[in-house]
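Participant: next come a sequence and a model predicted from it.
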Amino acid sequence: MKSLWDDAEAARFGGPLGPRVYTSRLLGRDKSLVLHGGGNTSVKLRERNLFGEDEDVLYVKGSGWDLETIEPAGFTPVALGHVRRLAGLRSLPDPQMVNELNTHMLRAGAPSPSVETILHAILPHPYVDHTHADAVLAVSNAPQGDKRIRDIYGERVVVIPYIMAGFDLAAHCAREFPKQATGNCIGMVLLSHGIFSFGADARESYERMIELVSMAEEYLQKKQAWHFKLPHTQPAHAKREEIAQLRRVIADQAGMPLILKTNENEKFMGFARHPDIERLSQKGPATPDHVIRTKPLPMLGRDVTGYAKKYREYFERQAPHAKDKKTMLDAAPRMVLDPQLGFAAAGRTARDAAIVEDLYDHTIDVILRAEALGGWRAVSERDLFDIEYWDLEQAKLRKAGSPPVFTGEVALVTGAASGIGRACVESFLARGAAVIALDVNPAIETLWPRVDVLGVTCDLTDAKAIESSLDLGVRRFGGIDMLVLNAGIFPSSQPIQEIAAQTWKGTMAVNVEANLMLMQRCHPLLKLALRGGRIVVIGSKNVPAPGPGAAAYSASKAALNQLARVAALEWAKDGIRINSLHPNAVYDTALWTDEVLASRAKAYNLTVEQYRKNNLLKQEVSSRDVAELAAEMCGPLFAKTTAAQVPVDGGNERVV
Ligand SMILES: [Zn+2]
């Protein structure tokens with residue numbers, strides 16, 4: 001492991017917290033050190049208060065911040081003297097510890113200080129860095145991990161046995177550190193949890209972390225435990241209906257919609273098909289910290305009922321040992337290892353699922369390296385339970401408000417790169433959905449660089465392209481719950497006698513047939529939606545009130561409208577509802593350039609402003625207005641409505 005320190009880069013981080021911010025980010029950049037909010041750092045500064053007195057202040061990473069992207073505001077100042085005194089108490093329940101930390105912050109509105117704050121306070125060095133380094137976990141999770149760690153580091157680190165994070169761990173370290181630490185000590189290893197380094201300045205503390213973790217890596221290499229081989233396998237390309245089926249069963253068990261992200265890369269597939277997978281995967285996580293997101297164990301295969309039964313037994317075994325009464329969490333798995341699917345991660349959001357996948361990706365490294373040292377071990381079931389059902393976590397659950405309405409659900413939007421389609425993506429994202437965004441324009445692939453959008457270039461008149469887009473979408477999110485049929489073309493105005501066969505066929509191909517193909521292929525997926533499948537058809541005012549010169553367009557939209565009505569009849573029994581909306585005069589789309597608008601307005605003898613609002617309500621209709629209605633049509637407001645046709649046109653005399 002190499003130090004990423006760069007003088008020029010470091011110089012850009014000014015202010016008293018600058019160096020602290022910089023090296024925290026350096027730690028965050030290396031995923032084998034910290035993952036997703038894991039790890040924390042601090043600095044002790046002396047500051048003058050309003051009365052001219054000097055105070056010792058501990059700036060420690062606040063909850064909700066990631067080291068990789070932390071800013072000065074992500075460090076919470078707490079009164080160092082008070083926090084240090086807490087470590088000397090004989091006991092302190094964790095909720096009370098959190099209260100003490102929160103009431104001794106020195107900046108109102110700062111994030112809650114890390115639950116590991118007391119640990120930072122008791123270490124007698126200005127800069128303290130803490131990671132959950134993979135290499136250190138691999139060594140300490142091997143047989144005689146304790147002895148191995150001492151062999152590697154000698155006097156350079158203090159070694160602490162596994163104790164759950166919180167007050168007890170901090171108090172234990174406060175007693176143990178002065179006893180063990182010699183003049184050569186530059187760090188502290190918490191077995192099966194992680195490692196601390198410290199120093200007089202940010203660089204020293206950071207580079208000691210790199211040095212200490214490198215020593216564990218070198219040890220693994222020396223013991224032939226660094227490189228591991230997995231059985232070479234080919235992806236099985238499970239059918240998308242199988243994936244959607246599994247997602248549905250997991251969601252049923254969880255009692256809420258979930259995203260299911262599958263990954264059949266060589267590593268996951270090889271691990272899922274490992275001859276010893278049963279033993280390797282059923283011991284627990286690499287570090288108990290993961291358990292909140294991953295649950296203690298992955299599910300092997302697809303027997304969700306069997307998994308839930310075992311989870312309930314685990315709860316019933318462990319709950320009586322807890323200090324206070326615990327409420328059981330849902331019994332659905334968050335990780336799946338399956339010889340056909342590879343690995344699947346379940347999460348409330350696409351981000352949650354991606355985090356679970358990342359955690360397990362690193363867990364496989366830790367498991368296989370510890371295994372190569374003579375046998376992988378995890379902490380006990382009791383320890384896992386203590387973290388999963390920690391008072392602080394249970395309190396968070398009780399406090400959590402209701403999430404956005406489409407959380408855990410997946411919407412597919414066609415024609416998503418511009419205009420109404422693009423606005424639809426935004427409206428569904430704002431309501432918590434993950435979105436598969438299709439467009440014939442390749443720009444779609446980079447329009448939304450975020451984990452909850454999958455942009456796919458797709459020509460909807462090509463059945464194969466539809467197939468592969470759906471495969472990609474289902475592998476990424478697990479299924480499709482909502483379908484927004486938006487893509488359409490508007491050929492240039494022509495009287496009927498001049499319409500070329502090509503124009504007519506081309507319009508029908510995109511506006512009707514493509515939607516039929518997509519509906520047919522989405523039907524088995526929509527049927528599996530936990531809250532029932534939903535389809536929204538972006539129709540047109542031309543359905544109820546066609547215009548001269550637009551025969552191909554009007555006829556195609558009318559055909560699509562009729563298709564939707566029949567779908568409402570045929571698919572109601574499958575719990576799928578389908579509604580249409582008919583927009584008119586939506587001018588903030590690519591179709592309507594300033595020149596086109598100006599010339600159309602002139603043709604009606606109106607100003608552009610008048611032309612834009614030329615409807616009964618004298619209101620301009622925007623893409624966003626249409627998109628918001630489309631999203632609402634998939635929500636609870638329209639839960640009992642199917643086959644509706646709703647105009648969104650500001651009121652049109654011909655439609656009325
Ligand atoms: Zn930790």
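Facilitator: Yes, it's here.

Participant: which residues of the stretch 501-650 of the chain fall in helices?
Facilitator: For the stretch 501-650 of the chain, the helices defined by DSSP state H, counting those that start in this stretch cover 501-508, 514-526, 551-571, 594-603, 608-612, 623-633.

Participant: can I get these in CSV including mean neighbour count?
Facilitator: The C-beta positions use only the backbone N, C-alpha and C, and glycine is treated the same way. Below are those laid out as CSV (neighbours: other CB atoms under 10 Å):
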stretch, mean neighbour count
helix 501-508, 15
helix 514-526, 20
helix 551-571, 19
helix 594-603, 12
helix 608-612, 15
helix 623-633, 22
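
Participant: the bottom helix or strand of this structure by mean pLDDT?
Facilitator: helix 391-399 (a mean of 70; mean pLDDT, DSSP states H and E).

Participant: can you state the direction angle for whichever helix or strand comes after it and helix 623-633?
Facilitator: Counting by DSSP states H and E, the element after helix 391-399 in chain order, helix or strand, is strand 410-414. Put simply, strand 410-414 runs at 140 degrees to helix 623-633, going by axes from the mean of the first three to the mean of the last three CA atoms, to 10 degrees.

Participant: could you list every helix and strand in contact with strand 410-414?
Facilitator: Judged by 3 or more CB pairs under 8 Å, 6 or more residues apart in numbering; DSSP states H and E, strand 410-414 is in contact with helix 419-430, strand 434-439, helix 463-477, strand 482-485, helix 514-526.

Participant: let's see 7 Å
Facilitator: Strand 410-414 makes packing contacts with helix 419-430, strand 434-439, strand 482-485 when contacts are defined by 3 or more CB pairs under 7 Å, 6 or more residues apart in numbering; DSSP states H and E.

Participant: mind putting the ones you listed into JSON lines with mean pLDDT?
Facilitator: Below are the helices and strands packed on strand 410-414 laid out as JSON lines (pLDDT from 0 to 100):
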{"stretch": "helix 419-430", "mean pLDDT": "97"}
{"stretch": "strand 434-439", "mean pLDDT": "98"}
{"stretch": "strand 482-485", "mean pLDDT": "98"}
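
Participant: would TSV of these with mean neighbour count and distance to Pro403 be doable?
Facilitator: As requested, these are exported to TSV (neighbours: other CB atoms under 10 Å; distance: least, CB to CB, whole Å):
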stretch	mean neighbour count	distance to Pro403
helix 419-430	24	12
strand 434-439	28	13
strand 482-485	29	16
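
Participant: I'd like those written out as CSV, with distance to Met269 added.
Facilitator: Listed next are those as CSV, based on distance: least, CB to CB, whole Å:
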stretch, distance to Met269
helix 419-430, 31
strand 434-439, 23
strand 482-485, 30
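
Participant: wait, which of the ones you listed is closest to Pro583?
Facilitator: Closest approach to Pro583 among those (CB to CB): helix 419-430, 7.0 Å.

Participant: these two touch, right, Phe196 and Val128?
Facilitator: Yes: judged on CB atoms under 7 Å, Phe196 makes contact with Val128 at a distance of 6.3 Å.

Participant: between the two, which one's more packed in?
Facilitator: Phe196 (29 against 26; other CB atoms under 10 Å).

Participant: can I assume the more buried one sits in a strand?
Facilitator: Yes: counting by DSSP: H, G, I helix; E, B strand; the rest coil, Phe196 is found in a strand.

Participant: hey, C-alpha coordinates of stretch 43-58 in CSV?
Facilitator: In CSV, the C-alpha atoms belonging to stretch 43-58 read as follows (Å, rounded to 0.1, in the frame of the first residue of the first chain):
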residue,chain,number,x,y,z
VAL,A,43,-7.5,16.3,15.5
LYS,A,44,-7.0,17.9,18.9
LEU,A,45,-6.6,21.7,18.7
ARG,A,46,-6.3,24.4,21.3
GLU,A,47,-8.7,27.3,20.7
ARG,A,48,-9.4,30.5,22.5
ASN,A,49,-13.0,31.0,23.6
LEU,A,50,-14.9,34.3,23.9
PHE,A,51,-13.5,34.9,27.4
GLY,A,52,-9.9,34.7,26.2
GLU,A,53,-9.4,31.3,27.7
ASP,A,54,-7.7,28.5,25.9
GLU,A,55,-9.7,25.3,25.5
ASP,A,56,-8.8,21.9,24.2
VAL,A,57,-11.1,20.9,21.4
LEU,A,58,-11.4,17.5,19.7
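
Participant: mind listing what's buried in that stretch?
Facilitator: Using 16 or more other CB atoms under 10 Å as the test for burial, stretch 43-58 gives 43-44, 57-58.

Participant: so of those, which ones are in helices?
Facilitator: Of the buried residues of stretch 43-58, none are assigned to helices by DSSP state H.

Participant: in a markdown table: those, plus distance to Met105.
Facilitator: Shown next, in a markdown table, are these (distance: CB to CB, whole Å):
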| residue | distance to Met105 |
| --- | --- |
| Val43 | 15 |
| Lys44 | 15 |
| Val57 | 10 |
| Leu58 | 10 |
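
Participant: closest one to Ala598 out of those residues, please.
Facilitator: Using CB to CB, the buried residues of stretch 43-58 come closest to Ala598 at Val43, 60.6 Å.

Participant: hmm, back to that, and the buried residues of stretch 43-58, which two are furthest apart?
Facilitator: Val43 and Val57 (9.0 Å).
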